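[1] Requesting a structural model of the entry that follows:
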Amino acid sequence: MRVVADTGLCQGHQLCQGEAPAVFGFDEVADVVVLLDEHPDEAQRADVTTAVRYCPAFALSIEED
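    Below you'll find the predicted structure:
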């Protein structure tokens, strides 16, 4: 699994960070999501999927390897 973040769409809500803090960080200066782990372990799939699903700006996605 590969996590993709479109920083052009990100609105800085930080909900993803709450769902999967090991995968999603936040750049306070740019006010956008930062990927901490582009290829997270399969054990984190449920949390990452939830973060993607509930992103208000639809800025996140998962691509299968």
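[2] give me the number of residues near the residue nearest to Pro40 when sequence neighbours are not counted?
    Nearest non-adjacent residue to Pro40, counting by C-beta to C-beta, 6 or more residues apart in numbering: Val23, 4.9 Å away. For glycine as for every other residue, the C-beta is placed from the backbone atoms N, C-alpha and C. Neighbours of Val23 under the rule other C-beta atoms under 10 Å: 23.
[3] check contacts around Val23.
    Val3, Cys16, Leu35, Leu36, Asp37, Pro40, Gln44, Asp47, Val48, Ala51 (C-beta atoms under 8 Å, 6 or more residues apart in numbering).
[4] now those: which count as buried?
    Burial by neighbour count, 16 or more other C-beta atoms under 10 Å: within those this picks out Val3, Cys16, Leu35, Pro40, Gln44, Asp47, Val48, Ala51.
[5] Which ones among these map onto strands?
    The members of these that map onto strands under DSSP state E are Val3, Leu35.
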